[in-house]
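Enquirer: Sharing a model that was predicted from the sequence below.
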Amino acid sequence: MPAIIPDVSPLLLAMDLTGIFIFGLTGGTLAVRHRLDIFGVMVLALVTALAGGVLRDLLIGAIPPATMQDERYLITALASGLFAFFFHPFINRLVKPVMVLDAAGLGIFAVAGCGKALAYGLGPLPAVLLGVLTACGGGLVRDVLVAEVPRVLREEIYAVAALLGAAIVIAGAMLDLPKAPVAIAGAAAAFLLRVVSVLRGWSAPRAPGS
Amino acid sequence: MPAIIPDVSPLLLAMDLTGIFIFGLTGGTLAVRHRLDIFGVMVLALVTALAGGVLRDLLIGAIPPATMQDERYLITALASGLFAFFFHPFINRLVKPVMVLDAAGLGIFAVAGCGKALAYGLGPLPAVLLGVLTACGGGLVRDVLVAEVPRVLREEIYAVAALLGAAIVIAGAMLDLPKAPVAIAGAAAAFLLRVVSVLRGWSAPRAPGS
Amino acid sequence: MPAIIPDVSPLLLAMDLTGIFIFGLTGGTLAVRHRLDIFGVMVLALVTALAGGVLRDLLIGAIPPATMQDERYLITALASGLFAFFFHPFINRLVKPVMVLDAAGLGIFAVAGCGKALAYGLGPLPAVLLGVLTACGGGLVRDVLVAEVPRVLREEIYAVAALLGAAIVIAGAMLDLPKAPVAIAGAAAAFLLRVVSVLRGWSAPRAPGS
């Protein structure tokens, strides 16, 4: 397997697992709100945390997906589900911190997903889209499982922030800049755009006359 | 391809095809209740019968999936769809026998899915989850296709029974016990837990305060 | 990679890209009707145009899928999304031309999907089903994403037309007929059955007593 950004350093692994844990919390707490049972809570945590990366790995040919080979990903996602099951009232009070951490996960996943697609030899356009898929795919599948139109398709600057992060990775690769600072810049830009857009109430445009 | 439990003997193949047929019946009759056309009935039968195994094969790297290579699986699933299309009133009267056969399919699929994941070199935790996915994935996709929150996430002891069956396979592998009796014990345990839980009205717990 | 029908000639590539563009338009305009934002419109266009082929490629082991390797597919699908975003009132007035072009896409995709599955060594039954999946999978995922029961499962002669086209490819392969005329005949038959069925108001049968 080619070297991939999130495997390079313990710091980045820690960031990746933090992103998984936070994504899992959003899935688990949504499951509790839909009155799913403990299995439903664990599945929504797993899916929200891991489906984006799994879909990316299937599409770039990294099979079996990383999630199936490194048990730390599964354990972290399962832990987030258990945490949501028992402490959902506590998590639901932390709206702003969860949003900020989720934005951090969004940036990390977009950058890591795009970087991994490039490392597997894909072109810039599919790599950008796979960065967005890595960041947004889990939330999308989560919403489909509770029979809702995925929020990422309807509102807010979420996917657009992931797109920005992934586009910075591509720009850096095209300019042959060193990978680590570009990755940090991409993740930071996605994070900031997401956080500022929530605080300011920005949303992506709808079609004229829709 | 490594040797896989359901390929070992004609008896186990027969059990596997029986599980596929029963799972297909539940998909086909649900499609009829949703007033889908014949194509919808066939698709729901196929998906319910085969999606769990197909998802497992994609995730372990067994590509193309077994379903695409051995036409007996497809033929059995299509036959279950046709049967549901023409005889749904008859099937709907057989609530208890269908439940018992479905529980048998659940146990077989959980054990076979977990065993195949181990045979492909995955670790115990992903193997258990893939056993559960093999057993529950078809029903989950079936419910998504009729725009319902999947029943397996909401209620009853269903996934938990699959989990028990898969966990027994892992325990047997760790203790180096002979595979065939362990597989039978795992499938039987999943089957019994499922049947008893339905008869007693047990369900999996919801989050405290949900 | 084995030679695949749509790669053989510029004419067939043009037909394939036309099919993608039209499928993308149907996804994009549905997204506008559901009041999704620009990202949702682009995702529904991409998914409707490409998901059928991506699923087929995953299931036959053509990984990474063609869509990830030839940027013309992605660019065409993204262009259809942008077009739908800005010109949806115009597209919505063109009900009949869009239906006719969609029927052409249906025929092309069914034939190309079935042919590619055969080229990858699959048997006739899975190849027919993969032809239908290539033609209908995008629309199916599109409808799931807006939380509707997929139209292809409910009504009209749509999947059946794809089935006819794919079956003609199989019949031609079994009789060892030359591929190009068989492909044209299959696509034309699917196209005609679809168009005539819409004009005449035919639909697939529902289960007796449903």
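Expert: Yep, that arrived.
Enquirer: How about chain A: which residue is closest to chain C?
Expert: Going by C-beta to the nearest C-beta, chain C is nearest to residue A:153 of chain A, at 3.2 Å. C-beta: built from backbone N, CA, C; applies to glycine.
Enquirer: who touches that residue in this structure?
Expert: If you count contacts by C-beta atoms under 8 Å, 6 or more residues apart in numbering or on different chains, residue A:153 has them with A:140, C:31, C:36, C:37, C:39, C:40, C:43, C:44, C:145.
Enquirer: Show me where chain A dips below the pLDDT cut-off.
Expert: For chain A, applying pLDDT under 70 flags the ranges A:1-9, A:11.
Enquirer: what about the helices in it?
Expert: Secondary structure of chain A (DSSP state H): helices at A:5-8, A:10-33, A:38-60, A:66-69, A:71-93, A:95-119, A:124-145, A:151-154, A:159-174, A:179-200.
Enquirer: ok, the nearest residue to residue A:206 once chain neighbours are set aside to residue C:117 distance?
Expert: Nearest in space to residue A:206, with sequence neighbours left out and distances taken as C-beta to C-beta, 6 or more residues apart in numbering or on different chains, is residue C:37 at 5.5 Å. Residue C:37 sits 36 Å away from residue C:117, going by C-beta to C-beta, to the nearest Å.
Enquirer: Neighbour count for those two, which is higher?
Expert: residue C:117 (31 against 25; other C-beta atoms under 10 Å in any protein chain shown).
Enquirer: ok, that one touching residue C:132?
Expert: No. Using C-beta atoms under 8 Å, residue C:117 is not in contact with residue C:132; the gap is 10.6 Å.
Enquirer: residues from chain A in reach of chain C?
Expert: Residues of chain A lying close to chain C by C-beta under 8 Å from any C-beta of the partner chain are A:58-61, A:63, A:120, A:122-123, A:125-126, A:129-130, A:140, A:144, A:147-150, A:152-155, A:158-160, A:203-210.
Enquirer: List the residues that contact the closest residue to chain B within chain A.
Expert: Residue nearest to chain B within chain A (C-beta to the nearest C-beta): residue A:40, separated by 3.2 Å. By C-beta under 8 Å, 6+ apart, the residues touching residue A:40 are A:31, A:34, B:152, B:153, B:154.
Enquirer: who wins for neighbours among the residues you listed?
Expert: Neighbour counts for those peak at residue A:31, which has 34 neighbours (criterion: other C-beta under 10 Å).
Enquirer: For it, which residues are in contact?
Expert: A:40, A:41, A:43, A:44, A:45, A:84, A:146, B:153.
Enquirer: Of the residues you listed, which qualify as buried by neighbour count?
Expert: Among the contacts of residue A:31, those buried by neighbour count (16 or more other C-beta atoms under 10 Å in any protein chain shown) are A:40, A:41, A:43, A:44, A:45, A:84, A:146, B:153.
Enquirer: May I see the buried residues of stretch A:80-88?
Expert: For stretch A:80-88, by 16+ other C-beta under 10 Å, it's A:80, A:81, A:83, A:84, A:85, A:86, A:87, A:88.
Enquirer: my guess is the fifth one contacts residue A:28, does it?
Expert: So that's residue A:85. Yes. With contact defined as C-beta under 8 Å, residue A:85 counts as touching residue A:28 (6.4 Å).
Enquirer: Quick check, central residue of chain A?
Expert: Central residue of chain A (C-alpha atoms, centre = their mean): residue A:135, 3.0 Å from the mean position.
Enquirer: For it, give me its contacts.
Expert: Going by C-beta under 8 Å, 6+ apart, the list of residues near residue A:135 reads A:52, A:105, A:106, A:107, A:109, A:110, A:113, A:159, A:162, A:165, A:166, A:190.
Enquirer: Spell out which parts of chain A neighbour chain B.
Expert: So chain A meets chain B at A:31-41, A:43-44, A:46, A:54, A:58, A:63-65, A:67-69, A:71, A:74-75, A:84-86, A:88-89, A:144-147 (C-beta under 8 Å from any C-beta).
Enquirer: ok, how many other residues are close to the nearest residue to residue A:207 once chain neighbours are set aside?
Expert: Counting by C-beta to C-beta, 6+ apart, the nearest residue to residue A:207 once its immediate chain neighbours are dropped is residue C:32, at 4.4 Å. By other C-beta under 10 Å, 25 other residues sit near residue C:32.
Enquirer: do the same with residue A:177
Expert: 14.
Enquirer: for it, what are its contacts?
Expert: Residues near residue A:177 by C-beta under 8 Å, 6+ apart: none.
Enquirer: switch to 10 Å and redo it
Expert: Contacts for residue A:177 were tallied using C-beta atoms under 10 Å, 6 or more residues apart in numbering or on different chains; they are A:168, A:169, A:171, A:185.
Enquirer: Who wins on neighbours among those?
Expert: residue A:169 leads the contacts of residue A:177 on contacts (other C-beta under 10 Å) with 29 neighbours.
Enquirer: Spatially nearest residue to it (excluding sequence neighbours)?
Expert: Closest to residue A:169 by C-beta to C-beta, 6+ apart is residue A:114, at 4.4 Å.
Enquirer: count of residues packed around that neighbour?
Expert: Neighbour tally, residue A:114, other C-beta under 10 Å: 35.
Enquirer: Looks like it contacts residue A:56 (just checking).
Expert: Yes. Using C-beta atoms under 10 Å, residue A:114 is in contact with residue A:56, at 9.3 Å.
Enquirer: Now for those two: what residues contact both?
Expert: Contacts common to residue A:114 and residue A:56, judged by C-beta under 10 Å, 6+ apart, are A:127, A:129, A:130, A:131, A:132, A:133, A:134, A:135.
Enquirer: Now for the fifth one: which residues touch it?
Expert: Contact criterion C-beta under 10 Å, 6+ apart gives A:52, A:56, A:106, A:109-110, A:113-114, A:152, A:158-167, C:39, C:42-43 as the residues in contact with residue A:132.
Enquirer: got the contact list for the closest residue to it other than its chain neighbours?
Expert: Nearest residue to residue A:132 in three dimensions, chain neighbours excluded: residue A:162, at 4.6 Å (C-beta to C-beta, 6+ apart). Counting by C-beta under 10 Å, 6+ apart, residue A:162 makes contact with A:52, A:106-107, A:109-111, A:113-114, A:128, A:131-136, A:152, A:186, A:190, A:193-194, C:39.
Enquirer: ok, now residue A:118?
Expert: Taking C-beta under 10 Å, 6+ apart, one finds A:2, A:4-5, A:60, A:124, A:126-128, A:130-131, A:166, A:169-170, A:173, A:179 in contact with residue A:118.
Enquirer: nearest to residue C:98, of those residues?
Expert: residue A:126 (27.6 Å; C-beta to C-beta).
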